[in-house]
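Undergrad: A predicted structure for the sequence below; I have some questions about it.
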Amino acid sequence: LGFCRELSLAFSYGASNVSDAYVVAFTLPTILFSGLGTAMLTSYISVYTDLQQNHPGEEKPFHDQVITMSFLLSVGFIAVFLALRYPIVRLFALGFEGAQLDLTVNLSSIMIASLVFLGVGYILQGYLQMKGCFFTVGMVSVPLNIAVIATILLSGENYDMLGWGVVIGYAGEFLLVLLVALRRQFSYHPDIAFRNRNVRHFLIMVLPIFLGKTINSINIIIDKSIASLLSEGVVSVMNYGNRITGFVTSVFVVSITTALFPQLSRLSAASDTRQLKRTYRSSCGIIGLFVIPISAGMMMFSREFVQLLFFRGEFTEFDVQRTGEVVFFYSLGLLFYSIKEVTINVYYALQDTKTPTINSLLAIVLNIVINLLLMRTMEHKGLALATALSSFITTVLLIIQLQRKMGHMGYRYLAGTYLKMIIAAGAMTAATLPFYHWFAAKTTLLLVSLLAAIVVAMIVYFIACLLLRVKELGHVVVAIAERFHRRRPA
């Protein structure tokens, strides 16, 4: 559904000044605060888990205080944004002027109301993760996407409706997690006694985690801000390209790290370093097993995927070309971003927020510098490539620092495993591209050609991994077989 949201925007407004304004407006109040909300969620889980194991009885007051603080922060953000809305919007849309700037400010001013639901909603998601309700957390964006898709398709020239759709959607998200949490013994009593060691510990963790967990989002925001200096529609093109690659990270990376972090926190609290390393190594291996061939496939068929998904309504052939180029260069950094997400969770489980913070600040600086170096010659392609390059550099630095901190992490094993996966993906590419061109000549249906190519790619990659003895493939197959066996009736 999240992807359908972008499809509906592309259908209704293409890559235009209106879609550019909507993308920036949606980014400002929601994506930025979502980063803070994610940081609060992560800190909440870490501190709450520690209190449960080491200071029983202190977790409930801490829980109440964090929820109260989240609500007050939301109200504060709304007040500050409304007071400074024009300067804030200008900062994130450097090239917007006149009617486009006014539209962006108006949409942002409406969408900012959604923070009332976002702040507390993230803490509720953390509560549900600790209760093992990962399905609900995974479905939390459904109300938002339904509301946004409906309002985009119905809005026409009533642009205010675009803003109110976001507010209604986040309200629906909040109600969903609240209802499920109430069934899991959730309770809350307002508590403003913030001056205690648990809340201080929580606050000390939040800012570094905000920078670490949202570095990719911050870099995307930087890309969009600089993109507003380029031609019309580039902001939207960057957004559509990011949504395609973001689908991979949301399905494979975010789902794994969401389930992984509570486990890492428990292992850290129990000082089980050996198992923590094993869990980290296994997670990186399994993510690589999926992300490496998907990255190769997205680079092979970047233009075809964009054409299949977006080429209708107001979305032109030129928009297809530009968005495909963005997808290609964003895909180069998918593996590094994925490894970084898992690695950062290890640091947070160890309650080390300083190292990811420094690394994240470096990533932002690198992204800006490389953006400015490449934007004049490569335009939108340079912005996407800059994000991939900064992700590569900072991920390498982060994993090196983790080994210095914890000792042997098994990176030699992972490097060998990734090399096998890359060779398998190379064989997959060599077999799939000729097949696709041969098959596409026999049918006019792009969907059929791509599906046939994907099937061939999966078969070749699977066989190549078997021949190269990629252990992670065996782990995944065994896990699937065990789950299927458990579901069979006795």
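TA: Received, thanks. Residues are numbered from 1 along each chain as shown.
Undergrad: ok now the longest helix seen in the chain, how far from the chain's centre?
TA: Counting residues, the longest helix found in the chain (DSSP state H) is helix 411-440. The chain centroid and the centroid of helix 411-440 are separated by 25 Å under C-alpha atoms, centre = their mean, to the nearest Å.
Undergrad: can you give me the helices for the stretch 51-200 of the chain?
TA: Under the criterion DSSP state H, counting those that start in this stretch, the stretch 51-200 of the chain contains helices at 59-83, 85-92, 98-111, 115-130, 134-138, 142-155, 160-182, 197-213.
Undergrad: got it, and the stretch 201-350 of the chain?
TA: Under DSSP H, counting those that start in this stretch, the stretch 201-350 of the chain gives helices at 215-227, 234-248, 255-269, 273-300, 302-310, 317-331, 334-349.
Undergrad: repeat that for the stretch 351-490 of the chain.
TA: Here the stretch 351-490 of the chain has its helices, by DSSP H, counting those that start in this stretch, at 354-378, 380-406, 411-440, 446-467, 471-487.
Undergrad: rewinding a little: closest to Phe202 out of the helices of the stretch 201-350 of the chain?
TA: Closest to Phe202 of the helices of the stretch 201-350 of the chain is helix 334-349 (C-beta to C-beta; 12.5 Å). (C-beta placed from N, C-alpha, C; glycine too.)
Undergrad: list the helices and strands the closest one packs on?
TA: helix 32-54, helix 197-213, helix 255-269, helix 273-300, helix 354-378, helix 380-406 (3 or more C-beta pairs under 8 Å, 6 or more residues apart in numbering; DSSP states H and E).
Undergrad: which secondary structure elements does the longest one contact?
TA: Counting contacts by 3+ C-beta pairs under 8 Å, 6+ apart, the secondary-structure elements packed against helix 273-300 are helix 234-248, helix 255-269, helix 317-331, helix 334-349, helix 411-440, helix 446-467, helix 471-487.
Undergrad: list the contacts of the third one.
TA: Residues from elsewhere that reach helix 317-331 (C-beta atoms under 8 Å, 6 or more residues apart in numbering): 10, 14-15, 233-234, 236-238, 240-242, 244-245, 295, 298-299, 302-307, 310-311, 380-381, 383-385, 387-388.
Undergrad: hang on, the earlier thing: out of the helices of the stretch 201-350 of the chain, which gets the lowest mean score?
TA: Note on those: helix 255-269 shows the lowest mean pLDDT, a mean of 57.
Undergrad: so Ser108 makes contact with Tyr22?
TA: No. In this structure Ser108 lies outside contact range of Tyr22 using C-beta atoms under 8 Å: 10.0 Å.
Undergrad: would you turn the helices of the stretch 51-200 of the chain into CSV with mean pLDDT, distance to Gly333 and mean neighbour count?
TA: Output for the helices of the stretch 51-200 of the chain, formatted as CSV (pLDDT from 0 to 100; distance: least, C-beta to C-beta, whole Å; neighbours: other C-beta atoms under 10 Å):
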stretch, mean pLDDT, distance to Gly333, mean neighbour count
helix 59-83, 88, 30, 17
helix 85-92, 85, 22, 16
helix 98-111, 90, 28, 20
helix 115-130, 85, 26, 23
helix 134-138, 74, 24, 16
helix 142-155, 88, 25, 19
helix 160-182, 89, 28, 20
helix 197-213, 77, 17, 19
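Undergrad: a markdown table for those, including distance to Gly416?
TA: Below are those laid out as a markdown table (distance: least, C-beta to C-beta, whole Å):
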| stretch | distance to Gly416 |
| --- | --- |
| helix 59-83 | 42 |
| helix 85-92 | 43 |
| helix 98-111 | 47 |
| helix 115-130 | 33 |
| helix 134-138 | 31 |
| helix 142-155 | 40 |
| helix 160-182 | 42 |
| helix 197-213 | 28 |
